[in-house]
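[1] below is the sequence, then the predicted model.
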Amino acid sequence: MQRRPTWIFKMAKEEKEEIVKKTEETEEIEEKEKGAEAAEISEEMKKAYIDYAMSVIVSRALPAAEDGLKPVQRRILYTMNELGLKSSGQTRKCARIVGDTLGKYHPHGDMAVYDALVRMAQDFS
């Protein structure tokens, strides 16, 4: 096993220099690195949560404009088409459809697939 020269470690220590500033409320540790900047954690968490929530709403929860289906519904119908299931054919167990959908196209929990499948089978009221 080769040993690294000591100058590499010295250079790495110089690049990453920690400065401790004491303020009245907190003690902030800033890392002086390329591209790093200090940020308030509560503000960053709010921003990240809102960004994630909006992406979930837009990409999963709202039906698409072109066909009116949510992504999980589209995946279920595609799986049923691959299995050759038609309305005039024989019945199949829900577990087969859900298992294939989960295994091939929907890497989330099975409850979302079961729920969507049941809601798609119900009559509108």
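    Sure thing, it's come through.

[2] in stretch 79-98, what counts as buried?
    Within stretch 79-98, the residues that qualify as buried by neighbour count (16 or more other C-beta atoms under 10 Å) are 79-80, 97-98. C-beta: built from backbone N, CA, C; applies to glycine.

[3] mind putting those residues in a markdown table, distance to residue 45 and pLDDT included?
    Listed next are the buried residues of stretch 79-98 as a markdown table, based on distance: C-beta to C-beta, whole Å; pLDDT from 0 to 100:
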| residue | distance to residue 45 | pLDDT |
| --- | --- | --- |
| 79 | 37 | 94 |
| 80 | 41 | 94 |
| 97 | 39 | 93 |
| 98 | 35 | 94 |
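
[4] so for residue 26, what's the pLDDT?
    According to the predicted model, the pLDDT of residue 26 comes to 48.

[5] before we move on, what about residue 37?
    The pLDDT attached to residue 37 in the predicted structure is 72.

[6] that one sits in which helix or strand?
    When elements are assigned from DSSP states H and E, residue 37 belongs to no helix and no strand.

[7] burial count for it?
    As a burial measure, the neighbour count of residue 37 was computed by other C-beta atoms under 10 Å and equals 7.

[8] ok, it to residue 66 distance?
    Computed as C-beta to C-beta, to the nearest Å, the residue 37 to residue 66 distance reads 41 Å.

[9] rounded mean pLDDT for the lengthiest helix in the chain, please.
    In the chain, taking DSSP state H as the definition, the longest helix is helix 41-56. Here helix 41-56 scores 90 as its mean pLDDT.

[10] returning to that earlier point: what's the most distant pair in the buried residues of stretch 79-98?
    Taking C-beta to C-beta as the measure, these reach their widest spread between 80 and 98, a distance of 10.8 Å.

[11] circling back: list the helices and strands the helix or strand just after the longest helix of the chain packs on?
    Toward the C-terminal end, the helix or strand that comes next after helix 41-56 (DSSP H and E) is helix 71-82. Using 3 or more C-beta pairs under 8 Å, 6 or more residues apart in numbering; DSSP states H and E as the contact test, the elements touching helix 71-82 are helix 94-104, helix 110-121.
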